[in-house]
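*Asks:* Here is the input, now give the coordinates:
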Amino acid sequence: MRRKQKSFHQDKYHKTSAARKKFHRSAGSAKIQKISPAKLLEQEILAYLYQEKDPRSMSHIMGALSLAKADRKMLANLLADMCRQNIISCSKSRKAGEFYTLLKEDVLVEGVVEVHPRGFGFAILGDKPGSLAQKADKSLRQDPFIAPDNLGSAHQGDRALFRLIPKKRGRTEAIVIKVIQRAATVLVGRYEAGRQTSLVIPEDERFLFSVLVHRKDSCGARNGDAVVVEVTDFKTGKRNPSGRIIEVLGDPLDIEVQAEIVIRKHKLPHKFSDKALQEADMYADTMPEEKGRLDLRPIPHVTIDGETARDFDDAVAVEKTPKGWRLYVSIADVSYYVKPGSALDGEAYERGTSVYFPNRVIPMLPERLSNNLCSLVPNEPRPAFTAIIEFDRQGKRLAQKFSKSIITSHHRLTYTIVKQLLVDKDNALVNKYSDILAQLQEMALLAAVLEKKRLDRGSIGFSIPEAQVLIDAEHQVSDVIRAERNMAHKLIEEFMLAANEAVAFKLASEDFPTLYRIHESPDDVKVKEFTAFARTLGLHLPADGGSPKWFGKVLTLVAGSPKEYIVNNILLRTMQRARYSPENVGHFGLAAAYYTHFTSPIRRYPDLIVHRTLFTLLSKKKGGSASPAPDLQQAGDFLSDRERAAVGADREMTERLQVRFMAEKIGESFEGIVSGVTAFGLFIELLDHFVSGAIEIAKLKGDFYHFDDKNYRLIGTRTNKIFQVGDIIRVKVESVDKRRRRINFVLE
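*Replies:* Presented below is the predicted three-dimensional model:
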């Protein structure tokens, strides 16, 4: 299965504080600030008045906060003090006494808590509060900072009510007033057995606590096991919450258990309900004839995928025409089996996407659909949705047609086979596939023309390799390599891009609501930062910075050089995330005015939405009835989030396997390239294996090095020796921290 290429990231190597390093050695070493009763009551009053909006009397407040008569004096003093500080307003009534209203409502706002392992956090706000944003616009360009004392009982991911404190200089700060919704009441972690009370250490370091578990609630877990724990008590000011183990995953040294850990940590739905499985089983193995489908079984479609692929959601065919070519892109018709409102549909939506680990797949659809009925296996008729696109010899799209169809894949090809046929001219394979060789040659010609046209218009040709983790028969990691990418990969990629653009153009030209795959222009500040960095590499960049063609020119400058991989990765980080939206703003990276996802409905729910909306459009033109349209804005936001969760889980699983591979190579030496330079030290990408690690600046022996932040390099104060991005150096594996997924090098 083709997978999305990964973006470079290096923040995982940032130093943690000494307190954080010791956190997992003893119970409750994370510092949680105790809040005084008066301060806690003040926060409860603010939260109550924020929620109520209308003026409330002291009696109302006492009742709402369940205060005793003994607390009345403290409450009265506190309310008076808050009035003096102009936090709340006090109005008097002859009959009812004093009433209180939140005065500075603009400094209270809802958002999400993002915690750093060092103990502080940030308030991730949605819409910035208007009046405060006008007063402190510059400080709100960054997420408000939350000091450790001001986190209260909030933890990573919690939705909370914040009190914002604008600063005259620097970023705005936030105080957690109240936790509105807990993000995580179920966590995955490591079980540390005690005599009476045991601990579960969360896998996610952003949770600054351990969960206390009594023996009766341990679910039979053994010391060191990976477990899933349910937190049953989040008390404000309490150092460690209580909980109970609800699932024992097993030995974390087992890579299958590692996959289970990642699945739980990223909250990936991984079990189908009995209802969904029953719906998948109700379809016959052979599709019955269906009126209205275009019969394309005589067209010699082929699938081209990786050797280990099990689900084939796209098949292609090409015919030579007097003007150029006719391209058939036939996509598995998942909508034939997955109906709106069904259990299958609901669970596919909740997943949003299939997730591909090196050792496991978490599919969006049950196996009977994804690997059988919806898979375009060879020599079996399958329902499909086909885009038929006409191109001239220059790659210009002349016409397009879309139709539900029935097809038969004539061959299951792999990228390797296609390369051996078209590039290596393997005689044995040429004879075996003689019936489709001429078609494959036309495919290669068309793909080359489409690629040239796409690059000429400014589409950015990033070249970022993907890690391929090799696992042996004993379920151990045997190697981590750069996945091969040959002309067959490019061929299929061009055809999928062409189909996606054609479908998006059709829906947009008809002004028909759908989900687009959009990619907005990069932030000007990030482009300028990259330009400054590029100068330190000796790159003379063209002046028109920020356009797609400019990005392409930059990549051309480093193509084939040792700096290519580094520049590709860093340049990619200047980009915004691609996402799903009903509003078409084009795709910057592809320099495409119209783009959507149509080609992978087995593994991406947005593609299924596009199939349904396209078929609704075609049915309307024929006088048919339309299926109900979903809330596209809500769906786009949710499915973009699901995609990010899947990418994060995939990345983490690969990292976990990479560190296990390198743990067996402590003391061995490798050649690597400097991929990043910070005040912390050097980041290294190995050349022999697709693995990254770091060298702390203190471990650079023979000199004292300082960070030249203007030129992104380290300079020795005595020797003037320089380390900068792109340098090839020899390193030795000093240590591997499996828990924090860190590989530590030293210079050889």
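*Asks:* any idea which element residue 618 lies in?
*Replies:* Taking DSSP states H and E as the criterion, residue 618 maps to helix 605-621.
*Asks:* Buried residues, that helix. List them.
*Replies:* 605-618 (16 or more other C-beta atoms under 10 Å). The way it works is simple: take the backbone N, C-alpha and C, and place the C-beta from them, glycine included.
*Asks:* got those residues as CSV, with distance to residue 207 columns?
*Replies:* Putting the buried residues of helix 605-621 into CSV (distance: C-beta to C-beta, whole Å) gives the following:
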residue, distance to residue 207
605, 29
606, 31
607, 35
608, 35
609, 35
610, 38
611, 40
612, 40
613, 40
614, 44
615, 45
616, 45
617, 47
618, 50
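*Asks:* Quick check: the two most widely separated of those residues?
*Replies:* Taking C-beta to C-beta, the two most distant members of those are 605 and 618; they sit 20.5 Å apart.
*Asks:* Where do the helices of the stretch 51-200 of the chain begin and end?
*Replies:* Listed in chain order, the helices of the stretch 51-200 of the chain (DSSP state H, counting those that start in this stretch) span 58-64, 72-84, 130-135.
*Asks:* Return the member of those helices having the minimum mean pLDDT.
*Replies:* Here the lowest mean pLDDT among these goes to helix 130-135, at a mean of 39.
*Asks:* count of residues packed around residue 737?
*Replies:* By the criterion of other C-beta atoms under 10 Å, residue 737 has 11 neighbours.
*Asks:* my guess is it meets residue 660, correct?
*Replies:* No - with contacts counted by C-beta atoms under 8 Å, residue 737 stays clear of residue 660, the gap being 11.6 Å.
*Asks:* about what we covered before: which is the next helix or strand following the helix holding residue 618?
*Replies:* helix 632-662.
*Asks:* So for that next one, what gets flagged as buried?
*Replies:* Across helix 632-662, burial judged by 16+ other C-beta under 10 Å covers 632, 635-636, 638-640, 642-643, 645-647, 649-662.
*Asks:* now the spatially most central residue of the chain: how far from residue 519?
*Replies:* Geometric centre of the chain, nearest residue: residue 644, 2.2 Å, by C-alpha atoms, centre = their mean. Distance of residue 644 to residue 519, given as C-beta to C-beta, to the nearest Å: 14 Å.
*Asks:* now do residue 181
*Replies:* In terms of C-beta to C-beta, residue 181 sits 31 Å off from residue 519.
*Asks:* Neighbour count for those two, which is higher?
*Replies:* The neighbour comparison of residue 181 against residue 519 (other C-beta under 10 Å) goes to residue 519, with 22 against 10.
*Asks:* who touches the more buried one in this structure?
*Replies:* For residue 519, the contact set (C-beta atoms under 8 Å, 6 or more residues apart in numbering) comprises 575, 576, 578, 579, 586, 587, 588, 589, 590, 595.
*Asks:* What of residue 395?
*Replies:* Counting by C-beta under 8 Å, 6+ apart, the residues that residue 395 touches are 446, 449, 450, 452, 453.
*Asks:* list the buried ones in the longest strand along the chain?
*Replies:* If you go by DSSP state E, the chain has its longest strand at strand 397-414. Buried positions in strand 397-414, judged by neighbour count with 16+ other C-beta under 10 Å: 397, 400, 402-414.
*Asks:* Next: stretch 686-696.
*Replies:* 686, 689, 690, 691, 692, 693, 694, 695.
*Asks:* In JSON lines, list the residues you listed along with secondary structure.
*Replies:* Compiled in JSON lines, the buried residues of stretch 686-696 are given as follows (DSSP: H, G, I helix; E, B strand; the rest coil):
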{"residue": "686", "secondary structure": "strand"}
{"residue": "689", "secondary structure": "coil"}
{"residue": "690", "secondary structure": "coil"}
{"residue": "691", "secondary structure": "coil"}
{"residue": "692", "secondary structure": "strand"}
{"residue": "693", "secondary structure": "strand"}
{"residue": "694", "secondary structure": "strand"}
{"residue": "695", "secondary structure": "strand"}
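*Asks:* So of those residues, which two are at opposite extremes in space?
*Replies:* Across the buried residues of stretch 686-696 (C-beta to C-beta), the longest gap, 18.3 Å, separates 690 and 695.
*Asks:* Show me where this protein dips below the pLDDT cut-off.
*Replies:* For the chain, residues meeting the criterion pLDDT under 70 lie at 1-35, 93-96, 104-106, 126-141, 168-169, 236-238, 621-629.
*Asks:* how's it carved up into domains?
*Replies:* Here the domain assignment for the chain is 37-103, 106-181, 274-423+486-520+579-652, 666-747, based on automatic domain parsing.
*Asks:* What is the end-to-end distance of the first one?
*Replies:* Looking back up the chat, that one is domain 37-103. 23 Å (C-alpha to C-alpha, to the nearest Å).
*Asks:* and if you look at the third one?
*Replies:* With C-alpha to C-alpha as the measure, the first residue of domain 274-423+486-520+579-652 is 30 Å from its last.
*Asks:* cool, the last one as well?
*Replies:* Across domain 666-747, the terminal residues are separated by 13 Å (C-alpha to C-alpha).
*Asks:* Same check on stretch 729-748?
*Replies:* First-to-last residue span, stretch 729-748, C-alpha to C-alpha: 9 Å.
*Asks:* Pull out the buried residues from that stretch.
*Replies:* Buried, per 16+ other C-beta under 10 Å, within stretch 729-748: 729, 731, 732, 733, 734, 736, 741, 742, 743, 744, 745, 747.
*Asks:* From the chain's centroid, how far away is that stretch?
*Replies:* Chain-centre distance of stretch 729-748: 26 Å, with C-alpha atoms, centre = their mean, to the nearest Å.
*Asks:* do stretch 213-231 as well
*Replies:* On C-alpha atoms, centre = their mean, the centre of stretch 213-231 falls 30 Å from the chain's centre.
*Asks:* CA atoms only: put that stretch into PDB for me.
*Replies:* Taking Å, rounded to 0.1, in the frame of the first residue of the first chain, the C-alpha atoms of stretch 213-231 are listed here in PDB:
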ATOM      1  CA  VAL A 213      -3.500   1.500  41.700                       C
ATOM      2  CA  HIS A 214      -4.500  -0.800  44.600                       C
ATOM      3  CA  ARG A 215      -3.700  -4.400  44.400                       C
ATOM      4  CA  LYS A 216      -7.400  -5.400  44.000                       C
ATOM      5  CA  ASP A 217      -7.600  -3.100  40.900                       C
ATOM      6  CA  SER A 218      -4.400  -4.400  39.200                       C
ATOM      7  CA  CYS A 219      -6.200  -6.900  36.900                       C
ATOM      8  CA  GLY A 220      -3.400  -9.400  37.400                       C
ATOM      9  CA  ALA A 221      -0.700  -7.200  35.900                       C
ATOM     10  CA  ARG A 222       2.900  -8.100  36.500                       C
ATOM     11  CA  ASN A 223       5.800  -5.700  37.200                       C
ATOM     12  CA  GLY A 224       6.900  -4.000  34.000                       C
ATOM     13  CA  ASP A 225       3.800  -4.900  32.000                       C
ATOM     14  CA  ALA A 226       2.300  -2.400  29.600                       C
ATOM     15  CA  VAL A 227      -1.300  -1.700  30.800                       C
ATOM     16  CA  VAL A 228      -4.300   0.400  30.200                       C
ATOM     17  CA  VAL A 229      -5.500   2.300  33.300                       C
ATOM     18  CA  GLU A 230      -8.700   4.100  33.900                       C
ATOM     19  CA  VAL A 231      -8.300   7.200  36.100                       C
END
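*Asks:* Much appreciated, bye for now.
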